[in-house]
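Novice: Everything below, folded, please.
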Amino acid sequence: MQARKTQILAELPAQLLKRPRTWLLAGVVSASLMGVVAATAVAPGSDTAGIIVRPVIETLPTPSIAIESENDLPFVHHERIQPGDTLQSLFRRLRVDDSEALAFLSGSDEGKRAIRQLRAGRTVMAMVHSNGRLASFSLPMGNAEQRLLLERDDKAGLQLRESEGALQSTLVEMRSGVIRSSLYGATDEAGIPDSVATQMAEIFGTEIDFHTDLRKDDRFNVIYEAIYEDGNAVRAGRILAAEFINQGRRHAVVLYRSPSGKDQYFTDDGRSLRQGFLRSPLEFTRISSSFGRRLHPIKNNWRDHKGTDFAAATGTPVKATSDGVIDFAATQRGYGNIVVLKHRGNISTAYAHLNGFAKGMRKGTEVSQGDIIGYVGMTGWSTGPHLHYEVRFNNVAQNPMTVQLPMADALSPKELTAFFRDTSELRNRFALLNYELASAD
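Specialist: Presented below is the predicted three-dimensional model:
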């Protein structure tokens, strides 16, 4: 019997070759797919004459994965607040679908206050489950570093608390631009925020009329602060240095702390751009009554008019014309509501007939040039809304439109040396920006 089995194994290849070709092809394919199994099956002592090889194909079901929507990990979304945003529009962009959270936040006093103080450019953060349910929501509170945090506790209840604000950092940005049509068109093309463009117009406004003096191919460089929150730029800060080439003439400024301890702009050769006194405490106005003798509109007799009257609408902001300290802020006979500022050199200024005072205006308060101190009104002896403005030397009234007023403090030779040393890095950046601008051309 053992010899017969050996003979069958020896003759197996010949028998396979005598079978039909289709069977041969199937056998070869089967052998190639099941080589290991065949080698094991055809072993000494086995009877393989009656083996029929058939492929077996079995379809396995797809594994089912169940997602527990209540326990899935939330997604973290950041969004920058856009002008005109509401809580509903922020929720839509953050993919929040949670009417309970929306009603809770909108109905609480803290939530209402935070929503009213939304500022474009800042960021909100939400942790949102896949079904749109809110896990937490953080939004800034006004301009402070505090944030309001809405959270769900372990029992799925909603609660509000204040938290520390996101970490902010200040970086220095440098940009260059070329005038093609307008200042704002050029700054937009250069990726410069509008607030920086506005600062440029104010800084150079005494030397360049941006409505009539600009020419095609005028150039500018600007170095400014950029405020980042959670790694995102949220707003622009101060201009640190700027250079403007207008009709071939160069204008350049750097921000520097003056001897008085206040930051102000100087030309890059050390001359302060700041005036000692502004001629007018209002931006847009007309003179309705000049300094000197006039027929009093109420008393109907001739009197000395000790100031200049500026006609303006009720509520128009009134600005301090120079740095000073408040000496008086109250009601005084015919002046009505009046603010009196004391300045250096026995100079004082008075702002009368005010509709109201700015916040914090009290005796001893320091104010800076351009600070709002009150609002135009018609209190006291007044027939219409206007500002009565006086300039006094040793308490003697002078004509505000003609009196010689001191200019801003100039740097001494020693201070000028310190200025050149301390601003050299900023001024050197102009050369770097000009080189890059020339290379781009």
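Novice: In the protein, which strand is the longest?
Specialist: strand 232-246 (DSSP state E).
Novice: Buried residues in that one, which are they?
Specialist: 234-237, 239-246 (16 or more other Cβ atoms under 10 Å). C-beta coordinates here come from the backbone N, C-alpha and C atoms, glycine included.
Novice: Same question for stretch 140-160.
Specialist: So for stretch 140-160, counting by 16+ other Cβ under 10 Å, buried means 140-141, 147-152, 158, 160.
Novice: That one spans what distance, first to last residue?
Specialist: 13 Å (Cα to Cα, to the nearest Å).
Novice: what does stretch 397-414 give?
Specialist: Terminal-residue distance, stretch 397-414 (Cα to Cα): 37 Å.
Novice: and if you look at stretch 240-255?
Specialist: Span of stretch 240-255 from end to end, Cα to Cα: 5 Å.
Novice: looking only at pLDDT, what's the mean for it?
Specialist: Mean per-residue pLDDT for stretch 240-255: 94.
Novice: thinking again about what came up before, what strands flank the longest strand of the chain, and is each parallel or antiparallel?
Specialist: Strand pairing for strand 232-246, using DSSP bridges, gives strand 219-229 (antiparallel), strand 249-257 (antiparallel).
Novice: now the shortest one: how far from the chain's centre is it?
Specialist: The reference is to strand 249-257. The chain centre lies 24 Å from the centre of strand 249-257; the measure is Cα atoms, centre = their mean, to the nearest Å.
Novice: Can you pull out the residues in contact with that strand?
Specialist: With contact meaning Cβ atoms under 8 Å, 6 or more residues apart in numbering, strand 249-257 is reached by 203-204, 207-208, 238-245, 263-268, 273, 419, 422-423, 426-427, 430.
Novice: Buried residues, that strand. List them.
Specialist: For strand 249-257, by 16+ other Cβ under 10 Å, it's 251-256.
Novice: State the distance from residue 426 to residue 405.
Specialist: For residue 426, the distance to residue 405 equals 30 Å [Cβ to Cβ, to the nearest Å].
Novice: Repeat that for residue 228.
Specialist: 42 Å.
Novice: Helices along the protein, start to end?
Specialist: Under the criterion DSSP state H, the chain carries helices at the ranges 2-18, 21-33, 35-41, 87-93, 99-107, 109-116, 183-189, 194-203, 413-422, 424-440.
Novice: Return the set of buried residues in stretch 323-332.
Specialist: Buried, per 16+ other Cβ under 10 Å, within stretch 323-332: 323-324, 326, 329.
Novice: In strands, which of these fall?
Specialist: 324, 326, 329.
Novice: wait, doesn't the first one sit right on residue 340?
Specialist: It refers to residue 324. No: counting by Cβ atoms under 8 Å, residue 324 stays clear of residue 340, with 9.3 Å between them.
Novice: Show me whatever sits in contact with both of these two.
Specialist: 348-349.
Novice: Grab the nearest non-local neighbour of residue 420.
Specialist: residue 270 (7.1 Å; Cβ to Cβ, 6 or more residues apart in numbering).
Novice: ok, that neighbour - how many residues close by?
Specialist: The number of residues packed near residue 270 is 17, by other Cβ atoms under 10 Å.
Novice: Many thanks, we can stop here.
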